[in-house]
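Asks: Pasting the sequence and the predicted coordinates here, then a few questions.
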Amino acid sequence: MAKGPGLMAKQRTVVAVVDDDPSMLKGLARLLAAYGFEPAAYPSAEAFLQCVEAGKAACLVLDIHLRGMSGIELRRQLAKAGSKLPVIFITAVDDEPTRIAADEAGCVAYLRKPFPAGLLMGAIAKAAGR
C-alpha cells in the first residue's frame, strides 16, 4: 500500500511559550515558526495550565515575571505534578535573586531579554533533544 505525500510529512516539534507581553508572545511565535517549530503561545501561566494541548510540548519558553502566577511558580507546580518538561526561562529583569530562583526551580537555560535568536534556538535544541 502506497503512502500519500501527506503521510510522509514530518511532524513539527511543539514549543510552548508563556509571556504576558502580547508583542513578545507574537514575536516569539513567529520566530519559532520561522525555525520550523510549531509554536503554542499562552498569555499567562494560568492559561498554560488550563490547556490540554500544553502536554504535547517538547519544551517551554517561560517568562519569569508574569501577571498572576509567576513563571517560577508555574515551573514549581509542574515539577510538583511530576512534569519533566524542560524549561527555558526568559526575563527582562535580570538580577541575582531571580537567577538563583530560576536555577533552583530547574531550567535548561536562562536568557535575558533581548536575546539573540540563535541563543534561544540553541537552548531549544538542547531542551527538545534536536
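Replies: Looks like it came in fine.

Asks: In contact with the nearest residue to residue 63 once chain neighbours are set aside, which residues?
Replies: Excluding the flanking residues, the one nearest residue 63 by C-beta to C-beta, 6 or more residues apart in numbering is residue 19, at 4.2 Å. C-beta: built from backbone N, CA, C; applies to glycine. Counting by C-beta atoms under 8 Å, 6 or more residues apart in numbering, residue 19 touches 25, 28, 41, 43, 61, 63, 66, 90.

Asks: gap between the last one and residue 82?
Replies: With distances defined as C-beta to C-beta, to the nearest Å, the gap from residue 90 to residue 82 amounts to 24 Å.

Asks: what is the mean pLDDT for stretch 117-130?
Replies: In this model, stretch 117-130 has an average pLDDT of 91.

Asks: One more: stretch 28-40?
Replies: 96.

Asks: how about that stretch: buried residues?
Replies: Using 16 or more other C-beta atoms under 10 Å as the test for burial, stretch 28-40 gives 28, 29, 31, 32, 35, 37, 38, 39, 40.

Asks: Redo those residues as CSV? Include distance to residue 52 and secondary structure.
Replies: Putting the buried residues of stretch 28-40 into CSV (distance: C-beta to C-beta, whole Å; DSSP: H, G, I helix; E, B strand; the rest coil) gives the following:
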residue, distance to residue 52, secondary structure
28, 21, helix
29, 19, helix
31, 25, helix
32, 20, helix
35, 25, coil
37, 20, coil
38, 16, strand
39, 17, strand
40, 11, strand
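
Asks: and those, which two are the farthest apart?
Replies: 35 and 40 (14.5 Å; C-beta to C-beta).

Asks: hmm, back to that, which of the contacts of residue 19 fall within strands?
Replies: Among these, the members found in strands (DSSP state E) are 41, 61, 63, 90.

Asks: of those residues, closest to residue 54?
Replies: residue 41 (10.8 Å).

Asks: Make a ChimeraX selection of whichever of the contacts of residue 19 turn out to be buried.
Replies: Buried residues within these, by 16+ other C-beta under 10 Å, are selected in ChimeraX with:
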select :25,28,41,43,61,63,66,90
